[in-house]
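> curious how this folds, go ahead:
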Amino acid sequence: MEMRRYIRHSNGWWWLTAVCMAIAVCCAVKAAQVQRDRVATESTPLVVGEEQPGDYRYINVADMTGWVYKVTDRSDREKVFYFVGDADGYVYLVRLGDGQYAEFADVTDELPVRLAGVLCTVPKAYLPDLAEVGGPTVEEYLNYYGDYYIDAAMTPSDLDNGFRTGAVSAFAVGVILLLQSIACSVQFRKELRRLEEKGLLERAEYAFQNARGDLYGNVRLSDTFIYGRHAALARPLTDVLWVYWHEKTGAVDVHLLTADGRDCMLRLSGQTARRNAEEILQAVAARNSGVLVGRTRENGLRYDRQVPRIRQQRVRRIVLWAVWLAAAAAAFAVLALT
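Alright, predicted model coming up:
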């Protein structure tokens, strides 16, 4: 049992998954509350000088021009803007949605029509073009029309909801962590089953008791077995066909490629990481005279010839990661659209 606890992946993946899902649920509940309150929000009269982005205000339309500016946003949607005069003589920049313009075709001073929308800040990229029709300079345009517009195609429920974004993000991360947790659990069970099928499980557990301690950080070696801490690795040294290490920022990764095509990666850290990595390679080579040592093209080709399935397994790993990412992206998209 001690060996199993040693090689079993940390429960941290499951805890992180639970935390992310809990955050997603809390954010989703709060987002629903915010959305419900926004739906119930009624527009209030627009008072010049008291405008705030995100306010839901209305004006009484007495006059309207034809469209003065069209632009396509990042979502490939066309936005069409108009100048609109109210019953008090003020003129505003207004964005109308498809079909809304016809509703104001017959407005007059005597028969104004109410127009409600969300106040939005005019993007700086729009200002030079708007100044050409309402300027003649950007400064004069801002002095006359202000730096906002009324988006009549938007309601408060369409505004970005920070809690909804949090729920989507936490859920997407939770899905990835859940899949990672399941993969770790499956790998651990697969490793034990492999030892059991070969009649080596008891020998591996006994050898673990007599193995040297964690001299290499996350690795333990006996005369016949190698064990990886929280890496689902308990292998006879004769199973290791190729071993090498490479350095990353702040860490050294030791790779042990086995006869069944698995690439077991053990991460070492600290000032002695490189020395420990070299000692692992030497220790494995001393106990397995046929092992390939070092990260070279020749060793890679020889390993591929010894393990023909390795390419297929690499493809399967890539496909698995693609499925994980696709699942997370699908979850993100579904929640974003709800």
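
> C-alpha from now on. contacts and neighbour counts both.
Noted.

> all helices of the stretch 1-150 of the chain, in order?
With helices called from DSSP state H, counting those that start in this stretch, the stretch 1-150 of the chain shows them at 2-7, 12-39, 127-134, 138-145.

> closest to residue 60 out of those?
In terms of CA to CA, the element of those nearest to residue 60 is helix 138-145, at 16.6 Å.

> any regions of the stretch 201-338 of the chain where pLDDT drops low?
Applying pLDDT under 70 to the stretch 201-338 of the chain picks out residues 212-217, 308-321, 324-325, 327-338.

> show me what the longest helix seen in the chain is packed against.
The longest helix of the chain (DSSP state H) is helix 162-197. The contact analysis (3 or more CA pairs under 8 Å, 6 or more residues apart in numbering; DSSP states H and E) places helix 162-197 against helix 12-39, helix 201-210, strand 233-236, helix 310-337.

> list the contacts of residue 185.
By CA atoms under 8 Å, 6 or more residues apart in numbering, residue 185 lies in contact with 8, 9.

> again, but for the one 3 residues further on
If you count contacts by CA under 8 Å, 6+ apart, residue 188 has them with 7, 8, 9, 232, 233.

> now do the same contact list for residue 236.
If a contact means CA under 8 Å, 6+ apart, then residue 236 has 204, 224, 225, 226 as its contacts.

> quick one: residue 223 and residue 116, what's the gap?
Separation of residue 223 from residue 116 (CA to CA, to the nearest Å) stands at 79 Å.

> of these two, who's got more company?
Shown here are residue 223 and residue 116; by other CA atoms under 10 Å, residue 116 has more neighbours (23 against 17).

> the more buried one touches residue 61, doesn't it?
No: the pair residue 116 / residue 61 is not scored as a contact, 9.9 Å apart, by CA atoms under 8 Å.

> re the thing from before, tell me the two of the contacts of residue 188 that are most distant?
9 and 233 (9.7 Å).

> of the two, which one has the most company?
residue 233 (26 against 20).

> surely the more buried one meets residue 220?
No: applying CA under 8 Å, one finds residue 233 not in contact with residue 220, separated by 10.1 Å.

> shared neighbours of the two, anything?
Shared contacts of residue 233 and residue 220 (CA under 8 Å, 6+ apart): 226, 227.

> coming back round to it: tell me the angle of the longest helix of the chain relative to helix 201-210?
Computed with axes from the mean of the first three to the mean of the last three CA atoms, to 10 degrees, the direction of helix 162-197 lies at 110 degrees from that of helix 201-210.

> buried residues, helix 162-197. List them.
For helix 162-197, the neighbour count (16 or more other CA atoms under 10 Å) marks 163-181, 184-185, 187-188, 191-192, 195 as buried.

> give the contact list for residue 59.
Residues near residue 59 by CA under 8 Å, 6+ apart: 45, 46, 86, 114, 115, 116.

> what about the closest residue to the fourth one other than its chain neighbours, distance to residue 145?
Beyond its immediate neighbours in the sequence, the residue positioned closest to residue 114 (CA to CA, 6 or more residues apart in numbering) is residue 60, lying 4.4 Å away. Here the distance between residue 60 and residue 145 works out to 17 Å (CA to CA).

> give me the neighbour count for residue 271.
Using other CA under 10 Å, residue 271 has 10 neighbouring residues.

> ok, it - contacts?
By CA under 8 Å, 6+ apart, residue 271 has no neighbours at all.

> quick one: strands adjacent to the biggest strand by length in the chain?
Ranked by residue count, the top strand of the chain under DSSP state E comes out as strand 56-72. Strand pairing for strand 56-72, using DSSP bridges, gives strand 44-45 (parallel), strand 78-86 (antiparallel), strand 113-121 (antiparallel).

> so what touches the last one?
Spelled out, that is strand 113-121. 43, 51-62, 104, 107, 147-156.

> ok, now with 6 Å
53-61, 147-152, 154 (CA atoms under 6 Å, 6 or more residues apart in numbering).

> nearest spatial neighbour of residue 230, skipping sequence neighbours?
Residue 230 sits nearest to residue 9 (CA to CA, 6+ apart), 4.1 Å away.

> I figured that neighbour hits residue 228, correct?
No: between residue 9 and residue 228 there is no contact under CA atoms under 6 Å: 9.8 Å.

> so residue 263 sits right up against residue 257, yeah?
Yes: contact criterion CA under 6 Å: residue 263 and residue 257 qualify, at 4.5 Å.

> surely residue 240 and residue 258 touch.
Yes: Residue 240 is in contact with residue 258 according to CA under 6 Å; the separation is 4.4 Å.
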